[in-house]
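Asks: Need the 3D shape of this:
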Amino acid sequence: MLGVGAGIFCEAAHVFTKAMSLAETGALPAVFSNAAFQAFSPAYIADHAVAIGMWLLLYTVEAAAIMSVMRSNPGKPFQELTTQLSGIPTLPRKIFPQSWTPMKEAVALTLAKSAAAASHDIATLSSTDAVAAAVLAAATTGDIADAQAIAAAAPQQLVAAPQGLSKQLEKTLDEIEAAAAGRIKAPEGPIKPKEHLKKQRLPKLPQQEESAKDKRSRRDKELRERKMYLKNFWYAAALSEKVKDKPVGVDILGTRLTLFRDEEGKVVAVDDTCPHRGAPLSEGWTVTDKKSGKKCVVCPYHGWSFDAEGKLRDVPSAEHGSWPKRPIIGSYDVEERGGFVWLFYGSKSLPKEERPPIPFTPELEDSKWRAVYGEIEFDAGHWGVFENAIDMAHIHYLHADSFGNAEKPKVMEMKSTRDTWETTCNFRIHNKPMNKMWEWTSVPSVPVEAKAMLPSTSAVNIELAHGVKMITFVNTVPINENKAINRFCLIRNFALNPAFDFMARDNMYKILGEDKVMVDKLAPERLNVEYSLAPDMPQIAFRQLRQEWIDIGYGVPTEKEMPRRGLLPEECC
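Replies: Take a look at the predicted model:
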């Protein structure tokens, strides 16, 4: 535009001065006659030489301004540099004032679209350069929708773009996303806010609708990942006291297992479904195989017996040894610790030294503490059940008739730390004695330490007057996508006589029963977004930790999304 304008200006000036000169002598020829062409043509070359010189001068001024801004702002995103340049009053901008901006944008947009359409045919650029250049050109003109369309049409080319251009393109795409979401950035450089708003157009309505769609998509992803199970972690499959001589069936993680004790008294876990006709092994019994000496679980339907490795040891109705020698049902690693049977939900090939630690608190094995155990089912997904255990703000309302204090519900002095496997939050709350018998333990405020351990175990430690301490150790275990079970123990450092166990157990069931009434009714899927505040720090910190593990591939879709036979889907083994 500068070059064409300069040429037109010079040619018009020459024609005008020449015409005036001829008019004074009375020799002005007729328009478009041969005499007119002969009279005006001698200075044609000079006109264009002057025009080119003027264009080079203006171009140099503009280029100098651009280079100056880029040198003084190294590493700045392309769009921010463009915004800053637009506020510099160079000579070309004086020639083409602000009122010409719509025409300039229309011309630039037309050129950008033409370049994008012909990008695959440009011989001097690679296909990746052409696509990247088209996106940058569209973004520069402010047409966010066009830039997004070009970028979406060739994602592979953009990924493979040259290094220097990729960095610039990545910054530009960040600007595109910010503009699409309606986040207009504050201006930088010598430009006034009103001018900035004029130059940087607001997103169009279709873009706002697309942004809302993106928000829904992010929420759907969040809810989906919230339901996932974490592989290669330990889950509390049972209370140790419940696994005795008879097989025990356990619904866990979208499948069903059978637990029984082997010839050495160790708990083993195998699939509950007999591979013969699908009968439940948990309804059978255990025997010792005479040939191998191994303890086996016997199917109650046809008497087939299986050892701890899932190998078939006896079929009463068949010739001995006529069956497969390899394992034909799944078997899984389990360990007993702290009064719980822990199931490893992951690959058996993963070395033990590389596996995460079993969730634990040392008081479980300390003779100066006393623990009582129990379990309660919830008709809710495991995520909501687990978060309730580390939610301290709800106790003043949901448990108002026991230890909650609705008159002083503030959560104070909240601090949070974390490591690879757990988060820890320390804070203080106001509680009240459950009854007159507990008034001797009353304190102005109660210090609380809430630990949240992967995959879904909590340990909440409270300290009252006279050194009285209690720990609620709760393992939230998924039964399936829509049901969970809390396998818990309440640990205390006072009244260690077993005669007091029933009181501790009854109080724990009362509290969890009150939780169940509310948790079973929670419906986060109805929300487009969840709002959290400072008292929610324990949940927020654990969500962040868990999400990091999901992002590196430890999340396992539920059985509803990815059906399976056995504990883990084949795709996740």
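
Asks: Which elements pack onto the longest helix belonging to the chain?
Replies: Among the segments of the chain that qualify as a helix by DSSP state H, the longest is helix 44-72. On a contact count with 3 or more Cβ pairs under 8 Å, 6 or more residues apart in numbering; DSSP states H and E, helix 44-72 meets helix 2-25, helix 78-85, helix 91-95. In short, each C-beta sits where N, CA and C put it, glycine included.

Asks: now the angle between helix 44-72 and the longest one, please.
Replies: Here helix 2-25 points in a direction 150 degrees away from that of helix 44-72 (axes from the mean of the first three to the mean of the last three Cα atoms, to 10 degrees).

Asks: same for helix 2-25, what does it pack against?
Replies: helix 34-40, helix 44-72, helix 91-95.

Asks: Worst mean pLDDT among those helices?
Replies: Per-stretch mean pLDDT for the helices and strands packed on helix 2-25 is lowest at helix 91-95 (a mean of 57).

Asks: Wait, Cys489 touches Phe473, no?
Replies: Yes: with contact defined as Cβ atoms under 8 Å, Cys489 counts as touching Phe473 (5.0 Å).

Asks: Please say which of these two ends up with more neighbours.
Replies: Phe473 (28 against 25; other Cβ atoms under 10 Å).

Asks: any weak-confidence spans in this structure?
Replies: Scanning the chain for pLDDT under 70 picks out the ranges 1-4, 6-7, 26-28, 31-48, 69, 72-210, 433-436, 571-573.

Asks: what number of residues lie near the nearest residue to Phe494 once chain neighbours are set aside?
Replies: Of all residues not flanking Phe494 in the chain, Val468 sits nearest, at 5.3 Å (Cβ to Cβ, 6 or more residues apart in numbering). Around Val468 there are 16 other residues, counting by other Cβ under 10 Å.

Asks: before we move on, what about Ala23?
Replies: Other residues close to Ala23 by other Cβ under 10 Å number 10.

Asks: do Pro447 as well
Replies: Pro447 - counted by other Cβ under 10 Å - has 14 other residues nearby.

Asks: That one belongs to a helix, doesn't it?
Replies: No: per DSSP: H, G, I helix; E, B strand; the rest coil, Pro447 lies outside any helix segment and is strand.

Asks: re the thing from before, quick check: the residue nearest to Phe494 vs Ile491, distance?
Replies: 12 Å (Cβ to Cβ, to the nearest Å).

Asks: got it, and Leu281?
Replies: 34 Å.

Asks: and those two? which has more neighbours close in?
Replies: Leu281 (27 against 22).

Asks: In this model Leu259 seems to touch the more buried one, though I could be wrong.
Replies: No: using Cβ under 8 Å, Leu281 is not in contact with Leu259; the gap is 10.3 Å.

Asks: residues shared between the contacts of these two?
Replies: Taking Cβ atoms under 8 Å, 6 or more residues apart in numbering as the criterion, Leu281 and Leu259 both touch Pro247.

Asks: which phi and psi does Glu365 have?
Replies: Backbone torsions for Glu365, taken as degrees, to the nearest 10, come to phi -120, psi 20.

Asks: Spatially, and excluding backbone neighbours, which residue is closest to it.
Replies: Gly338 (6.3 Å).

Asks: Let me see the backbone angles for that neighbour.
Replies: Per degrees, to the nearest 10, the backbone of Gly338 is at phi 60, psi 20.

Asks: Can you report how many residues neighbour it?
Replies: 21.

Asks: For it, give me its contacts.
Replies: Here Gly338 is in contact with Phe360, Thr361, Leu364, Glu365, Phe473, Cys489 (Cβ under 8 Å, 6+ apart).

Asks: For Pro280, give its distance to Leu522.
Replies: Distance of Pro280 to Leu522, computed by Cβ to Cβ: 32 Å.

Asks: if I pick Lys483, what's in contact with it?
Replies: Contacts of Lys483 (Cβ under 8 Å, 6+ apart): Glu377, Phe378, Asp379, Ala380, Gly381.

Asks: same thing but at 10 Å, please
Replies: Applying Cβ atoms under 10 Å, 6 or more residues apart in numbering to Lys483 gives the contacts Asp251, Glu377, Phe378, Asp379, Ala380, Gly381, His382, Val385, Asp520.

Asks: Please name the nearest non-neighbouring residue to the first one.
Replies: The one in question is Asp251. Nearest non-adjacent residue to Asp251, counting by Cβ to Cβ, 6+ apart: Ile479, 4.9 Å away.

Asks: For the one you found, give me phi and psi.
Replies: When read as degrees, to the nearest 10, the backbone of Ile479 gives phi -90, psi -50.

Asks: what about it, neighbour count?
Replies: Applying other Cβ under 10 Å, I find that Ile479 has 20 neighbouring residues.

Asks: I figured it hits Ile252, correct?
Replies: Yes: contact criterion Cβ atoms under 10 Å: Ile479 and Ile252 qualify, at 6.5 Å.

Asks: Mutual contacts of those two, please.
Replies: Ile485.

Asks: For Arg216, see how far away Glu222 is.
Replies: When Glu222 is compared with Arg216 (using Cβ to Cβ), they lie 11 Å apart.

Asks: can you tell me the helix or strand for Asp515?
Replies: Per DSSP states H and E: Asp515 is located in helix 501-519.

Asks: what's the following helix or strand after that helix?
Replies: Defined by DSSP H and E, the subsequent element after helix 501-519 is helix 537-549.

Asks: And that following helix, what does it pack against?
Replies: Here helix 537-549 touches helix 205-227, helix 382-389, strand 412-418, strand 422-429, strand 446-453, strand 457-463, strand 555-556, going by 3 or more Cβ pairs under 10 Å, 6 or more residues apart in numbering; DSSP states H and E.

Asks: how about the ones you listed in CSV, adding distance to Leu533?
Replies: Below are the helices and strands packed on helix 537-549 laid out as CSV (distance: least, Cβ to Cβ, whole Å):
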stretch, distance to Leu533
helix 205-227, 18
helix 382-389, 14
strand 412-418, 10
strand 422-429, 13
strand 446-453, 16
strand 457-463, 20
strand 555-556, 27
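
Asks: Buried deepest among these, which one?
Replies: helix 382-389 (a mean of 24; mean count of other Cβ atoms under 10 Å).

Asks: helices or strands up against it?
Replies: helix 205-227, strand 370-378, strand 446-453, strand 457-463, strand 469-480, strand 483-492, helix 501-519, helix 537-549.
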